[in-house]
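Trainee: Below is the sequence, then the predicted model.
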Amino acid sequence: MESKAPLAEVPELLEEVRRGCRYVADQSAFVRIDLERIPGYIAGLSPDTDREAEHEPACHFLGQGESTAAFFLTLDAINFGSGYFPLLRKRTGLSGYFTVASLLRDEYDRNGPLSAASLAEITTDQCLRLFQQDPGQAVVRELMQLFAEALNDLGRCLLQDFAGRFSGLIESAGSSAERLVRQLLAMRYFRDAETYRGMRVPFLKRAQLTAADLALAFHGKGLGRFHDLDRLTIFADNLVPHVLRLDGILRYEESLARRIDDGELIQAGSEEEIEIRACALHAVEQMVEAFGRRGRIVTAVQLDYLLWNRGQQAGYKRAKPRHRTRTVFY
């Protein structure tokens with residue numbers, strides 16, 4: 001499930017993300033951005049006064065210094081599987097993501113952080129036990145195998161390049177979120193890029209989210225201090241596009257909309273899947289620019305948090321299904 005599109009060594013990696021998504025949006029056949037609605041739409045958004053972004057203490061390991069950094073690097077290494085989540089055994093009242101996060105937190109509470117050495121050797125069966133999944137459920141076992149492979153990569157990277165120190169990986173970025181994103185690309189399941197009509201289109205959802213998660217966990221200080229968080233794009237997944245679709249900013253071609261509404265899986269790397277993610281990302285970039293024209297500095301990350309939180313509301317979760325793709329990228 002690794003991306004077939006290698007990432008070039010570009011001076012500004014996140015600008016490459018924006019450029020690729022703009023290219024897709026300009027040619028998109030299955031998804032259209034209703035640009036005329038954006039000015040009115042942002043008039044109803046308050047990213048600077050909306051619910052302040054914060055981690056959920058019941059599900060995240062917070063306030064523990066380097067152990068907190070280890071938790072978020074480990075969690076974001078496996079922060080994927082939304083296409084598998086309908087079959088995941090979830091904790092009562094929790095989504096797939098919060099189920100995984102809370103079970104990892106429980107492990108930290110019981111036994112402390114998983115070391116780089118243990119991550120490098122963790123198996124599918126160990127992941128099944130850690131995340132309390134049914135070993136006889138083939139699709140979920142496939143996800144747990146992918147989790148094990150992602151954690152193996154993280155552990156080996158830490159052992160090989162950072163003496164097993166989670167903080168060493170973060171410190172190597174020199175307080176640059178963009179540099180941390182590039183460092184994470186040493187691990188294959190962070191290489192979130194596809195090819196669309198001859199052009200490489202990187203999204204780098206989880207690599208970017210790792211920087212944002214650390215910044216939030218450490219309140220922008222110490223291991224969470226990054227001077228260029230405003231360079232990040234949204235974290236292109238399947239929830240923000242869903243919100244933008246329901247809010248009328250994204251328009252899906254009829255057959256694609258019907259397939260999603262019927263619960264059909266959308267193939268990873270297909271034009272439809274790339275267009276959904278790219279158009280959502282580009283639409284938010286247009287919102288950032290529209291806010292700027294009004295004299296307000298709003299970042300893509302602020303809008304991502306706002307739209308993601310909106311997507312947690314029952315009206316968004318139950319109105320229509322979101323698209324599902326089995327991928328290691330979200």
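Mentor: Received it, and whenever you're ready, just let me know what you need. Numbers count the residues shown, from 1 in each chain.
Trainee: Could you pull up the residues touching residue 126?
Mentor: residue 148 (C-beta atoms under 8 Å, 6 or more residues apart in numbering). (Glycine included, C-beta is placed from N, CA and C.)
Trainee: Isn't residue 194 up against residue 274?
Mentor: Yes. Counting by C-beta atoms under 8 Å, residue 194 does reach residue 274; the two are 5.2 Å apart.
Trainee: Overlap of the contact sets of these two?
Mentor: Shared contacts of residue 194 and residue 274, counting by C-beta under 8 Å, 6+ apart, come down to residue 201.
Trainee: quick one: low-confidence ranges for the stretch 1-150 of the chain?
Mentor: 1-11, 48-52 (pLDDT under 70).
Trainee: Quick one: the strands in it, in order.
Mentor: 31-33 (DSSP state E, counting those that start in this stretch).
Trainee: what about the helices in it?
Mentor: In the stretch 1-150 of the chain, the helices defined using DSSP state H, counting those that start in this stretch lie at 13-27, 38-43, 66-77, 96-111, 116-121, 124-130, 138-161.
Trainee: how about those in CSV, adding distance to residue 178?
Mentor: Formatted as CSV, those follow (distance: least, C-beta to C-beta, whole Å):
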stretch, distance to residue 178
helix 13-27, 5
helix 38-43, 26
helix 66-77, 16
helix 96-111, 25
helix 116-121, 24
helix 124-130, 31
helix 138-161, 18
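Trainee: Relative to residue 241, which of these is closest?
Mentor: Within those, the stretch nearest residue 241 is helix 13-27; the backing value is 11.9 Å (C-beta to C-beta).
Trainee: For the nearest residue to residue 114 once chain neighbours are set aside, which residues are in contact?
Mentor: Using C-beta to C-beta, 6 or more residues apart in numbering and skipping residues adjacent in sequence, the residue nearest residue 114 is residue 74, 6.1 Å away. By C-beta under 8 Å, 6+ apart, the contact set of residue 74 is 104, 113, 114, 119, 151, 154.
Trainee: which one of the residues you listed is nearest residue 240?
Mentor: residue 104 (23.5 Å).
Trainee: just the angle between the helix or strand where residue 214 lies and helix 138-161, please?
Mentor: Residue 214 belongs to helix 205-217 when assigned by DSSP states H and E. Inter-element angle recorded for helix 205-217 and helix 138-161: 70 degrees (by axes from the mean of the first three to the mean of the last three C-alpha atoms, to 10 degrees).
Trainee: Against which helices or strands is the helix or strand that helix 205-217 is followed by packed?
Mentor: Following helix 205-217 in sequence order, the next helix or strand is helix 240-246 (DSSP H and E). Helices and strands touching helix 240-246, by 3 or more C-beta pairs under 8 Å, 6 or more residues apart in numbering; DSSP states H and E, are strand 250-252, helix 271-293, helix 300-311, helix 314-319.
Trainee: Please compute how far helix 240-246 lies from its chain's middle.
Mentor: 15 Å (C-alpha atoms, centre = their mean, to the nearest Å).
Trainee: Give the buried residues for that helix.
Mentor: Going by neighbour count (16 or more other C-beta atoms under 10 Å), the buried part of helix 240-246 is 240, 241, 242, 243, 244, 245, 246.
Trainee: ok, and what's touching it?
Mentor: 234, 250-252, 276-277, 279-280, 283-284, 304, 307-308, 310-311, 316, 319-320, 322-323.
Trainee: Can I get that helix in PDB? Just the C-alpha atoms.
Mentor: What follows is helix 240-246, C-alpha atoms only, in PDB (Å, rounded to 0.1, in the frame of the first residue of the first chain):
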ATOM      1  CA  VAL A 240     -12.800  17.500   6.200                       C
ATOM      2  CA  PRO A 241     -13.900  16.700   2.600                       C
ATOM      3  CA  HIS A 242     -17.100  15.200   4.000                       C
ATOM      4  CA  VAL A 243     -17.800  18.400   6.000                       C
ATOM      5  CA  LEU A 244     -17.100  20.500   2.900                       C
ATOM      6  CA  ARG A 245     -19.300  18.400   0.800                       C
ATOM      7  CA  LEU A 246     -22.300  18.700   3.200                       C
END
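Trainee: could you give the mean pLDDT of it?
Mentor: The average pLDDT within helix 240-246 is 98.
Trainee: again with stretch 219-233
Mentor: 97.
Trainee: State the distance spanning the first to the last residue of it.
Mentor: Terminal residues of stretch 219-233 lie 19 Å apart, using C-alpha to C-alpha, to the nearest Å.
Trainee: How far off centre is that stretch?
Mentor: With C-alpha atoms, centre = their mean, you get 16 Å for stretch 219-233.
Trainee: ok, back up a step: quick one, which of the contacts of helix 240-246 are buried?
Mentor: So, by 16+ other C-beta under 10 Å, the buried ones in the contacts of helix 240-246 are 234, 250-252, 276-277, 279-280, 283-284, 304, 307-308, 310-311, 316, 322-323.
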